[in-house]
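In: Need a 3D model of the sequence below.
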Amino acid sequence: FCRNDLRLHDNPCLSRIAAHKGDKEVLPVYLFDPRHFGTTHRGSPKTGSFRAKFLYESVVDLRAQLRSIGSDLLVGVGKPEEVLPMLIAPREEGAPSLTTTILCQEQVTSEELKVDKALRDALPAGVAQFKPVWGGTLYEKSELPFRQDLSDLPDVYTPFRNKVESRCEIKPPLRTPPAGSLPLPAAESL
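Out: Numbers count the residues shown, from 1 in each chain. Next up is the predicted model:
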């Protein structure tokens, strides 16, 4: 489930999926969530015309890049908690206990966390799971020299920088998934 990570290279979710050994079917999905195109409580647009154009161009480019490695991008309009559960096939009686996993970039802001909770609640129990993946930052959250809940994170930038630069390493960008590493489901299963 692509959200802010609209690139093929240096994409933690796609890299994790591509590295997964064994059988897999991958359906990359992007949803234009209508809530992103509304207005704030102060009446200003959440997404202006330039950002909307950039977003559209980014989705078109990601789809082209995925197609270049033998995959594709399902693009839709709707709330993730309403659309994504419809894409999960119910488990048939006696069928193997395969689980659909929805991977996406981990979010940190209140509106996005509410969407994540609604999506988790909407997924069929025992058939689907939701796994956010940390990405989109210079440092891995787990490698920061602070408590896991970041309660001891300095309020001022210089102490933060000094502590992080001396103890953390900037990782090189993740590679583009190779051709064939994100196999689509069979057309008839969709």
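
In: When you work out contacts or count neighbours from here on, use the C-alpha atoms and nothing else.
Out: Noted.

In: quick one: the strands in the chain?
Out: For the chain, the strands defined by DSSP state E cover 29-32, 74-77, 100-105, 128-133.

In: can the ones you listed go into CSV with extra columns for mean neighbour count?
Out: As requested, these are exported to CSV (neighbours: other CA atoms under 10 Å):
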stretch, mean neighbour count
strand 29-32, 19
strand 74-77, 12
strand 100-105, 20
strand 128-133, 16
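
In: right, so of these, which gets closest to L184?
Out: With CA to CA, the closest approach to L184 among these belongs to strand 74-77: 10.6 Å.

In: So which residues make contact with that closest one?
Out: Residues outside strand 74-77 that contact it (CA atoms under 8 Å, 6 or more residues apart in numbering): L27, P28, V29, Y30, L31, F32, D33, P34.

In: ok, of the residues you listed, which one's closest to N11?
Out: Checking the contacts of strand 74-77 one by one against N11 (CA to CA), the nearest turns out to be P28, at 12.4 Å.

In: Look at that closest one and say how many residues are nearby.
Out: 22 (other CA atoms under 10 Å).

In: S44 - how many residues pack around it?
Out: Residues near S44, counting by other CA under 10 Å: 10.

In: Check R7 too.
Out: Neighbours of R7 using other CA under 10 Å come to 17.
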